[in-house]
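> Quick check, what structure comes out for this input:
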Amino acid sequence: MQVDIRVPVGLPAAEVADFIRHCEDAGFDGVGVHDHPGSGRDAYVTLALAAQRTRRIRLYPATSSPVVRHPLLLASLAQSLDEIAPGRICLTVAPGFLAVRSIGKPRANLATMREAVLALRRLLAGEAVTFDSTSSRLRNTSDRPPPVYLLAAGPRMVELAGEVADGALLLVGLHREAVAAARRHLEAGARRA
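All right, here's what the predicted structure looks like:
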């Protein structure tokens, strides 16, 4: 079994990076850092510090919104982190809850999340993506790009994760029936991939 933990939002970056080092020492497999701009502390700066202070643990934002951060920026951030901690970075994205509310925007809908996840995966693979009739490509990509996970709660978003993402972070609770239903939705999406 693998066990990950999310760290509290808003603590100083150096303190969080040290805490993540202790999480690695304690045997945790991964740590997610909240990406909430309103905290006044940037998740990716914190993840970069943690990447320098650790050797094994998986690191990821928990979670980033393509409404708050453009997909090209998210891909660039993930790629930069992967240069510091090769093979230990995962990019996790979500429609946005607190983060989008803090900038006065609505959460991303299903179509926006589909477009964002597909764009992120293509960008991280070094492929060109068109944004508003402008072609963009991420340079300096890795042969093994970081995976893109989608945070999903409802059945349609869970199916989308199975269809277009490398993995899913599920917010479906711990009840056996809820987990089984989510797995069925993931599998249905994967069959459409």
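
> where exactly do the strands run in this structure?
4-7, 30-33, 58-61, 91-93, 129-131, 134-136, 148-152, 167-170 (DSSP state E).

> any idea of the mean pLDDT for the longest one?
I take that to be strand 148-152. Averaging pLDDT along strand 148-152 yields 98.

> That one: partners in the sheet, and parallel or antiparallel?
Strand 148-152 pairs in its sheet with strand 91-93 (parallel), strand 167-170 (parallel), by DSSP bridges.

> Can you give me the buried ones in the lowest-mean-pLDDT helix or strand in the chain?
Of all helical and strand segments in the chain, the minimum by mean pLDDT, DSSP states H and E falls on helix 98-102, at a mean of 87. By 16 or more other Cβ atoms under 10 Å, the buried positions in helix 98-102 come out as 99, 100. Placement of C-beta: from N, CA and C, glycine included.

> Same check on stretch 147-163?
Quick answer for stretch 147-163 (16+ other Cβ under 10 Å): 147-152, 157-163.

> Make a markdown table out of the residues you listed and add distance to residue 132.
A markdown table is the format used below for those (distance: Cβ to Cβ, whole Å):
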| residue | distance to residue 132 |
| --- | --- |
| 147 | 26 |
| 148 | 21 |
| 149 | 26 |
| 150 | 23 |
| 151 | 25 |
| 152 | 26 |
| 157 | 25 |
| 158 | 29 |
| 159 | 27 |
| 160 | 22 |
| 161 | 26 |
| 162 | 28 |
| 163 | 24 |
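
> I would like the residues contacting the helix ranked longest in the chain, please.
Ranked by number of residues, the top helix in the chain under DSSP state H is helix 176-192. The contact list for helix 176-192 (Cβ atoms under 8 Å, 6 or more residues apart in numbering) reads 152, 155, 158-164, 168, 170, 172-173.

> Columns distance to residue 180 on top of these, output as CSV?
Shown next, in CSV, are the contacts of helix 176-192 (distance: Cβ to Cβ, whole Å):
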residue, distance to residue 180
152, 15
155, 13
158, 12
159, 15
160, 19
161, 16
162, 14
163, 19
164, 22
168, 15
170, 12
172, 10
173, 11
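
> quick one: which of these is nearest residue 135?
If you rank the contacts of helix 176-192 by distance to residue 135 using Cβ to Cβ, residue 164 comes first, at 20.7 Å.

> Since that was my last question, I'll sign off now.
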